[in-house]
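Novice: generate a structure from the sequence data that follows.
(2 chains)
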Amino acid sequence: MDFERRLNVRKDGTAGSGVSRRNLLTAGAAAGSGLLLGFYLPQAIGAEAAEAATADVFAPKAFVRIDRDDRVTLIMPQVEMGQGTYTSMPMLIAEELEVPLDQVSLVAAPPDDRLYTNPLIGFQATGGSKSVRAMWEPLRRAGAVARVMLISAAAQGWNVDPTSCRAEKGEVIHGPTGRKLRYGALADTAATLPVPDNVALKDAKAFKLIGTPAKRLDTPDKVNGKALFGIDVKIPGMKIATVAACPVFGGKLARVDDSTAIEIKGVRQVVRLADAVAVVADHMWAAIQGLAALDIEWDEGPNANVSSADIVRQMDIASQNPGIVGRRDGDVAKAMTGAAKRVEAVYQVPFLAHAAMEPMNCTVHIQKDGCEVWVGSQVVSRAQATAAEVIGLPLERVQVHNYLLGGGFGRRLEVDYVTQAVRIAKQVDGPVKMVWTREEDIQHDIYRPYYFDRMAAGLDEQAMPIAWSHRVTGSSIEARWLPSALKDGLDTDAVEGAAEELQYAIPNILVDYVRHEPPGILTGWWRGVGPTHNIFMVESFIDELAAEARKDPVEYRRALLGKSPRAKGVLDLAAEKAGWGQTLRQGHGRGVSVQYAFGSYLSQVAEIVVSKEGEVRVSRVVCAVDCGIIVNPDTVKAQIEGGIVFGLSAALFDEVTIKDGRAEQSNFNDYRVLRINEMPAIEVYLVPSTEAPGGIGEPGTVGVAPALTNAIFAATGKRIRKLPIKDQLRSA
Amino acid sequence: MVTLQINGNEHHLDIPEDMPLLWVLRDVVGLTGTKFGCGIAQCGACTVHIDGRPIRSCVIPAAGLADRAITTIEAIGETPSGRKIQQAWLEVEVIQCGYCQPGQIMSAAALLASNPNPSDADIDAAMSGNICRCGTYQRIRAAIKQATQAA
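Specialist: Model prediction:
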């Protein structure tokens, strides 16, 4: 999900903008009391953004509010799905505002692309490991401006020079006399002052909160059942619905006999949609029983015979023709001709489900002149838009209440389940909560694309690469999800991690992309997006070249990273901490990967053991991270740990396969997820840095698969070129 | 009518005989802390205690639980082991999205109540029925060990 190029992002990772800073902040009195500080996130594109940024009317939906009772409220555009934004974002404000973190509370922002756009994505979205990168500057600036205004308010009241005052722990203090006033007492006056034009942000050396392992603000309610996820919504009079969509992708409902279902106690109604049936009931059990009792005939449509084998065969054929160029350095064809040796390999990764622990769900209440939606979504404004479109209402008549997300992983960047819930609600009198069963969730996911990649390298006499070619073949997520992100037909996500981000110094490089859409199957964002597949290909293939050269995999990579000190730095750190080079027992192996993605550098070393029966056990993963300035180091570590587990599940076990036009997997019994007894020891080492912050939600997932498969090669001599690993070592 | 003892309170409920406890808790009684994850006892998100023992509530009919003590995440903090586990969860900063954590905490609290000093193998045995997609397992293990040290 690399929209930076399109959005004119500066090298430091912050959003560039033609709009002057002073226009981005505006202040006023909060309803009733206090200081309300609204600011617009800078956008580089669109007249709408420019208009928003220069509007001088005060927006009532501001970002920061300081009340008379000292509370600081952040109207939070980024959603919390476990990644820690409900702590990291308040830390950014609190650092500059000089308030204790626990004085900041959060309100989930309503849908409004004008006010709450993520400047790195282009609308109101949480994803792509972009929250800290997008908000790093604007939120600190908002905090700093508020602090300066509060200091001015105090200085005015005391009739002293503002430079003789300072802010500390939610108070303004007059240095010479020691007089103090709390922010709450200053908020009303501050609201009447002009917004300062130029406010200096703290130097990193002066940070008190940023860089400390601050306690998460969202977790106390998550240990006692109080935290509310979308699925926990309770509305008076609400019914529960569960749904079965046509199991064949793209199929329709032909006929349904509901005579048995409707007799079940608690079942209220059977709703027919074009491609699905829903049972509406008093509770989920009756809805599930009702669904099972339906006699449904599907019109399976044109995809009834689609299978994984066919899809892969078609991709193989498509991948034989050149694609759209993602990177071209030098002349690969010529260099290949002159190479002492040529190495080729095909790598494949499967369709993947997200399997977030909270199944897809959405609650909708359509009334005469409006609609309310309760949901956990990474794209609140799209949830609003789809509801408005389905019902035929103007946007402002659709209210969306966003809840905590029981896992996002990219699944909740889609609104298919919102659209479906609204369609059901159109036929129901009163509020209805639609909850998918796990089977529906796995079989009607929007899958990570299948990728079929051709790798080739030309080596010189020392077996170092002089030519590198990487052809990615797969479906285009951007074409469906954000067509404006395409660059002359190139899906920038599909080649992310392989093209511009490739760190190895090779004189001739060609990366191209062949778009190939599997019939009827929707594909979408999955934790780690483009880099998750590309880094697997790149880091496996570079390992093949090292083996070809009979060189140590770390040394081979290091020799190619002369121009990338940060990549080399994490590689060296991971190797050192992992004890790279120390002898391992028979059947054990160590593998390495290094990556640059999402603005962060990572290197991972996996240590594994393969049993005589061909079972792989990952015993240890060491990860070195250089993600620039760190906001919350404990969150960074947690995200890396979790990202690695997510990547390991996929590498070891997971794939969605298609037979007769439908997904063959259905629940955690056949879509296996790593469990605690399979958990390796994970060690995360953070590199201190003053560079701009990089993303951290996804990088951990990215590099663990190649570290693992390279370790398998070291232990067994078997090169895994297709994920998942599953029982590939058993047949060896 | 069935009478259930949930978190020390008596509930008289008119529910289908085969209705799993999970849906009784969530959709009838209104205790939404217990989570739905799979419906087939594969993920552990729905774990509650029946007479102190961890049970997957998505597959156990509530009608057979008359007069048994049912404890959910909402009340586990009132037990000594539950309180220690909750505290350790926060100290170790286990939680990410938090959706599976009620089930994790219920499994861990039951383990601690029956085994005050669990080994790694004991933790694996007690906790491997609980899936966490955020991948918090390492911290879960650390938090259980920390809870054993708590007074």
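Novice: what is the burial count for the closest residue to chain A within chain B?
Specialist: Residue of chain B nearest chain A, by Cβ to the nearest Cβ: residue B:33 (2.0 Å). Bear in mind the C-beta positions are built from the backbone N, C-alpha and C, glycine included. Neighbour count of residue B:33, defined by other Cβ atoms under 10 Å in any protein chain shown: 26.
Novice: surely it and residue B:74 touch.
Specialist: Yes. Using Cβ atoms under 8 Å, residue B:33 is in contact with residue B:74, at 4.9 Å.
Novice: quick revisit: what residues are up against the residue of chain B closest to chain A?
Specialist: Residue B:33 makes contact with A:224-226, B:72-74, B:102 under the criterion Cβ atoms under 8 Å, 6 or more residues apart in numbering or on different chains.
Novice: the residue nearest the centre of chain B sits in which helix or strand?
Specialist: Residue closest to the average C-alpha location in chain B (Cα atoms, centre = their mean): residue B:106, at 2.7 Å. Here residue B:106, judged by DSSP states H and E, is contained in helix B:101-114.
Novice: please apply the same query to residue B:148.
Specialist: Residue B:148 belongs to helix B:137-149, assigned by DSSP H and E.
Novice: what does residue A:114 give?
Specialist: Going by DSSP H and E, residue A:114 is in helix A:113-116.
Novice: touching chain B at all, the next helix or strand after that helix?
Specialist: As assigned by DSSP H and E, the chain's next helix or strand after helix A:113-116 is helix A:131-158. No. Shown here: helix A:131-158 not in contact with chain B (Cβ under 8 Å from any Cβ of the partner chain), separated by at least 14.2 Å.
Novice: what average pLDDT does helix A:131-158 get?
Specialist: Helix A:131-158 shows a mean pLDDT of 93.
Novice: kindly report the same for stretch A:436-453.
Specialist: Stretch A:436-453 shows a mean pLDDT of 98.
Novice: do stretch A:183-202 as well
Specialist: 90.
Novice: show me where chain B has strands.
Specialist: Applying DSSP state E to chain B gives strands spanning B:2-6, B:9-13, B:47-50, B:53-56, B:69-71.
Novice: no, scratch that, I was asking about the stretch 201-350 of chain A
Specialist: Listed in chain order, the strands of the stretch 201-350 of chain A (DSSP state E, counting those that start in this stretch) span A:239-245, A:252-257, A:267-272, A:276-281, A:295-299, A:324-329, A:341-349.
Novice: where does pLDDT dip in the stretch 351-500 of chain A?
Specialist: Within the stretch 351-500 of chain A, not a single segment meets pLDDT under 70.
Novice: before we move on, back to that, and the strands of chain B as TSV, adding mean pLDDT?
Specialist: Formatted as TSV, the strands of chain B follow (pLDDT from 0 to 100):
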stretch	mean pLDDT
strand B:2-6	97
strand B:9-13	97
strand B:47-50	98
strand B:53-56	98
strand B:69-71	98
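Novice: and for the residue nearest to the centre of chain B, nearest residue in space, chain neighbours not counted?
Specialist: Spatial nearest neighbour of residue B:106, excluding adjacent residues (Cβ to Cβ, 6 or more residues apart in numbering or on different chains): residue B:47 at 4.2 Å.
Novice: let me see the contact set for the one you found.
Specialist: Applying Cβ under 8 Å, 6+ apart to residue B:47 gives the contacts B:34, B:54-57, B:102-104, B:106-107, B:129-130.
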